[in-house]
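Visitor: any chance you could fold what I've pasted below:
(one chain, ligands or ions: 2)
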Amino acid sequence: MRVLQVCAEMVPLLKTGGLADVCGALPAALQSVGCEVRTLLPGYDAVREGVQVSGTAIDCPAGPDRQPAVRVIPATLRATGHKVYVLESPAWFRRDGGPYLAADGTPWPDNALRFGALGRVAALLGLGLDSSWRPQLLHAHDWHAGLTPLYLRLLAAGRRPPASVFTIHNLAFQGVFPASAMAALGLPGSLFHMEGVEFHGQMSFMKAALVYSDALTTVSPRYAREITSPEQGCGLDGLLRARQAQLTGILNGVDYDIWNPATDALLPLRYDADSPQGKLAIRQRLGQALGLRERPQALLFGAVTRLSEQKGLQLLPPVLDALVAQGGQLVVLGSGDTAQEAALRAAMDRHPGDCVLCTGHDEPLAHQIMAASDVLLMPSRFEPCGLTQMYAMRYGTLPLVHAVGGLADTVTDCALENLADASATGFSFGDFTSQALAAAVRRAFALRQRPDDWAQVRRTAMAARFDWSRAARSYRDLFETLLNRHPDTASTPRAGASPVRSP
Ligand code: ADP
Ligand code: GLC
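Guide: Ligands and ions are numbered 1, 2, ... in the order given. Now for the predicted structure:
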């Protein structure tokens, strides 16, 4: 089965969050269960530098008026040999700043066109742009690739397009643009209505994906249920309820070639469940490097996170004094929201030597905090899946989480019954309040007073496996179901989708 993955970031080329980890790991996992996967990516400098060109550039038919010419370059990843198509458009993708945001933190003003082009070119590849390789199915990730299924239908011009699957990694980011973007993207005005791409008077890439994809997935079973409720549906819960029969939750996996304390090259020392001494030594080194007071008995809490309202670190300042008073230390590596950073810094600065806040995106430090800490804090307000709590378990660092989304699906709380049957892997709390977080922190200290129980929970956490092979089989089975249905998408709209005429 030939699958074209469409995404805006991918490890090891470019990463702003878990989306890149997933898009980096999924192709090989799918490959090992019988799928042949290629990936279409925007041609950022980081992407161009990480690939080896392997074929002749293919010019794409002109887009709507005034859009720069684009072409796709067949290439392979230098690191893994994975085959990719690089969407080449220097005007759109080769600039200083982030993939989505300019250096001042504001979204690039032409994001609708940049990512509209990603969807349009994905659809062209789906319809045979590369005569040597035509995918049978397109798998698009998050709003950046959200126009893929719509363009597939628009550009099919009576032919049968390949099937489309869209994965929601985060419903909170929707790619919403002024209605005027419709014309610039070459989308017919007839689609600008409630059953189409209109969203509160604007147009939404996310909504287009939810309406026009053959199947929808998201990254944990619990989040798949949560987003059909008004509380977590970000205004799209009605549509998601209407498409519930096409929506599946497939839990992300962990790439244990990257996240494994026994082989991790980003750690100064390696360790495993059978030889955990290395963990202590890493903690000592990191403590020294970051200026933590030497307190070998202290419980070290860590967090590696985007700083955003989603990740819930706003709950932390009121808890911090008690955390330190009980004998805790805290290291946070975070980047993002400057207001959240300032609030956190003000609280942490009250405890010099016991609390350290590091900012920016730092891959080696992320691995070292994961390895050095006793407890990983992840009090997210909502969490589609979350990868760091699963990484933490592998590193013998017990996750402390708000029980939502993928966090609820992956962490088993240290309740007495879970300690009794040795299923506990961490700490979870129910109410999204600082009081509930504080209580969970107290339970972490209480468990620490019971060294045998602590060691058992750590063993269970380190032995837990969230393999990509399980997730890959679920995706493969879903893909096969779609292909077996042989949908004639050009003439038959699917459930939940509005008919689309070719422009
Ligand atoms: P999300 O994608 O919502 O940010 P995930 O838990 O799915 O959350 O994935 C986060 C990924 O980004 C993990 O690989 C984590 O290690 C990494 N990460 C988050 N913040 C940083 C940072 N400041 N520096 C380095 N890596 C980070
Ligand atoms: C998003 C979500 C996160 C998830 C990641 C990968 O960034 O916020 O929960 O783990 O995507 O699917």
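Visitor: so which residues of the stretch 301-450 of the chain form strands?
Guide: Ranges of strands in the stretch 301-450 of the chain, per DSSP state E, counting those that start in this stretch, are 328-336, 355-359, 375-378, 398-402, 427-429.
Visitor: to ligand 1, which of those lies closest?
Guide: Closest approach to ligand 1 among those is made by strand 328-336 (4.4 Å; C-beta to the nearest ligand atom). For every residue, glycine as well, the C-beta is placed using N, CA and C.
Visitor: what does this structure have sitting close to ligand 1?
Guide: 17-19, 21, 304-306, 333-335, 361-363, 366, 385-388 (C-beta under 6 Å from any ligand atom).
Visitor: and Ala122, how far from ligand 2?
Guide: Going from Ala122 to ligand 2 by C-beta to the nearest ligand atom, to the nearest Å gives 19 Å.
Visitor: helix/strand/coil for that residue?
Guide: Recorded secondary structure, Ala122: helix (DSSP: H, G, I helix; E, B strand; the rest coil).
Visitor: mean neighbour count for the strands of the stretch 301-450 of the chain - can I get that in CSV?
Guide: CSV is the format used below for those (neighbours: other C-beta atoms under 10 Å):
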stretch, mean neighbour count
strand 328-336, 22
strand 355-359, 18
strand 375-378, 27
strand 398-402, 27
strand 427-429, 24
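Visitor: in a markdown table, list the ones you listed along with mean pLDDT.
Guide: Output for the strands of the stretch 301-450 of the chain, formatted as a markdown table (pLDDT from 0 to 100):
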| stretch | mean pLDDT |
| --- | --- |
| strand 328-336 | 96 |
| strand 355-359 | 98 |
| strand 375-378 | 98 |
| strand 398-402 | 98 |
| strand 427-429 | 98 |
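Visitor: which residues of the stretch 301-450 of the chain lie near ligand 2?
Guide: So the stretch 301-450 of the chain meets ligand 2 at Glu383, Pro384, Cys385, Gly386, Leu387, Gly406 (C-beta under 6 Å from any ligand atom).
Visitor: now do 5 Å
Guide: Glu383, Pro384, Cys385, Gly386, Leu387 (C-beta under 5 Å from any ligand atom).
Visitor: neighbour-wise, which of those residues leads?
Guide: Neighbour tally across these (other C-beta atoms under 10 Å): the maximum, 31 neighbours, falls on Glu383.
Visitor: quick one: pLDDT of that one?
Guide: Model confidence at Glu383, given as pLDDT, is 98.
Visitor: cool, and the one 5 residues further on?
Guide: pLDDT, Thr388: 98.
Visitor: what's the closest non-adjacent residue to it?
Guide: Nearest residue to Thr388, sequence neighbours excluded (C-beta to C-beta, 6 or more residues apart in numbering): Val304, at 5.6 Å.
Visitor: re earlier: arrange the residues of the stretch 301-450 of the chain next to ligand 2 in JSON lines, one row each, with distance to Asp59 as further columns.
Guide: Listed next are these as JSON lines, based on distance: C-beta to C-beta, whole Å:
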{"residue": "Glu383", "distance to Asp59": "42"}
{"residue": "Pro384", "distance to Asp59": "37"}
{"residue": "Cys385", "distance to Asp59": "38"}
{"residue": "Gly386", "distance to Asp59": "41"}
{"residue": "Leu387", "distance to Asp59": "38"}
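Visitor: so which of the residues you listed is the closest to Met370?
Guide: Among these, Leu387 lies closest to Met370 (C-beta to C-beta), at 10.8 Å.
Visitor: just to check, that closest one is in contact with Leu19?
Guide: No: contact criterion C-beta atoms under 8 Å: Leu387 and Leu19 do not qualify, at 9.9 Å.
Visitor: distance of the residue in the stretch 101-250 of the chain positioned nearest to ligand 1 from Gly406?
Guide: Ligand 1 sits closest to Asn170 of the stretch 101-250 of the chain, with a gap of 6.4 Å, by C-beta to the nearest ligand atom. Per C-beta to C-beta, to the nearest Å, Asn170 is found 11 Å from Gly406.
Visitor: select from the residues of the chain next to ligand 1 every entry located in helices.
Guide: Residues of those located in helices (DSSP state H): Gly18, Leu19, Asp21, Glu363, Ala366, Thr388.
Visitor: tell me who's in contact with the first one.
Guide: Same thing as Gly18. With contact taken as C-beta atoms under 8 Å, 6 or more residues apart in numbering, Gly18 is in contact with His169, Asn252, Cys385, Gly386, Leu387.
Visitor: quick one: residues contacting the residue of the stretch 51-200 of the chain found nearest ligand 2.
Guide: Across the stretch 51-200 of the chain, the shortest distance to ligand 2 (C-beta to the nearest ligand atom) belongs to His169, at 3.4 Å. Taking C-beta under 8 Å, 6+ apart, we find His169 in contact with Gly18, Leu19, Val22, His141, Asp142, Thr218, Val219, Pro384, Cys385.
Visitor: using JSON lines, lay out the residues you listed together with distance to Cys7.
Guide: Converted to JSON lines, the contacts of His169 look like this (distance: C-beta to C-beta, whole Å):
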{"residue": "Gly18", "distance to Cys7": "12"}
{"residue": "Leu19", "distance to Cys7": "7"}
{"residue": "Val22", "distance to Cys7": "8"}
{"residue": "His141", "distance to Cys7": "4"}
{"residue": "Asp142", "distance to Cys7": "7"}
{"residue": "Thr218", "distance to Cys7": "15"}
{"residue": "Val219", "distance to Cys7": "13"}
{"residue": "Pro384", "distance to Cys7": "15"}
{"residue": "Cys385", "distance to Cys7": "15"}
